[in-house]
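A.B. asks: return a 3D structure for these sequence lines:
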Amino acid sequence: MQTILEGLNFSEGPRWHDGALWFSDMHAHRVVRTDLHGNAETVAVVDWDDPSGLGWLPDGRLLVVAMSTQKLLRQEPDGSMVEHADLSPLAIGDINDMIVRSDGTAYIGDMGFRIHNGGERRTAQTLMVSPDGVASVGAGGLEAPNGHILTPDESTLIVAESSAYRLTAFDVAADGSLSNRRTYAELVPESDAVAVAPPDGICLDAQGAVWVADPVGRRVFRVLPGGEVTDSYDMAPKMPVACVLGGEDRRTLLICAADDWKREVVTASASGAIYATEAAVAGAGKP
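C.D. replies: Numbering: from 1, shown residues only. Below is the predicted model:
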């Protein structure tokens, strides 16, 4: 396990795009791009909210999820951040992770509660935003939908349901609508010392296996459809929250981790980091 970058507040939403790793340094209110040697630069600032999920429109413009204001932002060629879609009329809680189809359709997890402000957790949803910014409910009845994956042909969406400890799959129609909900994998703890295995950020490899960041178990593991775990990395004392397969051949597993998830803790210590290790099977689909 190598350290790519340190001194971050809380890295989230990693994406391998145009030969670089992009991620949100959430509580520093910025989007960062870096190479695998840690040469990093800030490419967008969202100083009024915490940025999370990232994606791109077909013309290359960056999309950024603004969590608490429940907006999807778009970066214009001059670097300015503008509203692409207002999800507040539909959202139940903070909006978080996102994946974007090649046509610009975005799928965004609505967590069903306010992550940093407490409150009752409610059954939530994955929201869908059309390329022209029209928002709708893609799928309801989800338990804290977090990480999102699109398979290489974009015919299947996989969602990490954090509060249900499972990966859930949907068929994706040509118009982006979702159907045929089914369980992709039930997730279990690695040991009796941890009661649950809630999935956070996820990514797909070429064999259909999903790499899962498990912040409670402080591990990152690879799970096959059906639930068999083939590989596991202990990240303790760090708490991994997301991962992506990147690098030139997409065989570098890049992991976002920090000492804690609470805003007041990570902003005080800047314990966030990006780690990397080699994977036997290359990444596939998005992210």
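A.B. asks: and Ile255, which of the three is it?
C.D. replies: strand (DSSP: H, G, I helix; E, B strand; the rest coil).
A.B. asks: contacting residues around it?
C.D. replies: 213, 220, 233, 235, 240, 242-243, 274-277 (Cβ atoms under 8 Å, 6 or more residues apart in numbering). All C-beta atoms are positioned from the backbone trio N, CA, C, and that covers glycine.
A.B. asks: likewise Ala195?
C.D. replies: 189, 216.
A.B. asks: surely His27 forms part of a helix?
C.D. replies: Yes. Counting by three-state DSSP, His27 is part of a helix.
A.B. asks: could the contacts of Ile255 be laid out in JSON lines, adding secondary structure, pLDDT and distance to His27?
C.D. replies: Shown next, in JSON lines, are the contacts of Ile255 (DSSP: H, G, I helix; E, B strand; the rest coil; pLDDT from 0 to 100; distance: Cβ to Cβ, whole Å):
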{"residue": "Ala213", "secondary structure": "strand", "pLDDT": "97", "distance to His27": "18"}
{"residue": "Val220", "secondary structure": "strand", "pLDDT": "97", "distance to His27": "21"}
{"residue": "Tyr233", "secondary structure": "strand", "pLDDT": "95", "distance to His27": "25"}
{"residue": "Met235", "secondary structure": "coil", "pLDDT": "95", "distance to His27": "20"}
{"residue": "Pro240", "secondary structure": "strand", "pLDDT": "97", "distance to His27": "17"}
{"residue": "Ala242", "secondary structure": "strand", "pLDDT": "97", "distance to His27": "14"}
{"residue": "Cys243", "secondary structure": "strand", "pLDDT": "98", "distance to His27": "19"}
{"residue": "Ile274", "secondary structure": "strand", "pLDDT": "98", "distance to His27": "15"}
{"residue": "Tyr275", "secondary structure": "strand", "pLDDT": "98", "distance to His27": "19"}
{"residue": "Ala276", "secondary structure": "strand", "pLDDT": "98", "distance to His27": "22"}
{"residue": "Thr277", "secondary structure": "strand", "pLDDT": "98", "distance to His27": "25"}
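A.B. asks: all helices for the stretch 151-287 of the chain, in order.
C.D. replies: Remark: helices assigned in the stretch 151-287 of the chain by DSSP state H, counting those that start in this stretch are 263-269.
A.B. asks: where are the low-confidence patches of it?
C.D. replies: Residue ranges of the stretch 151-287 of the chain with pLDDT under 70: 193.
A.B. asks: can you map out the strands along it?
C.D. replies: 156-161, 166-172, 178-186, 202-204, 210-214, 219-223, 229-234, 239-246, 252-258, 272-278 (DSSP state E, counting those that start in this stretch).
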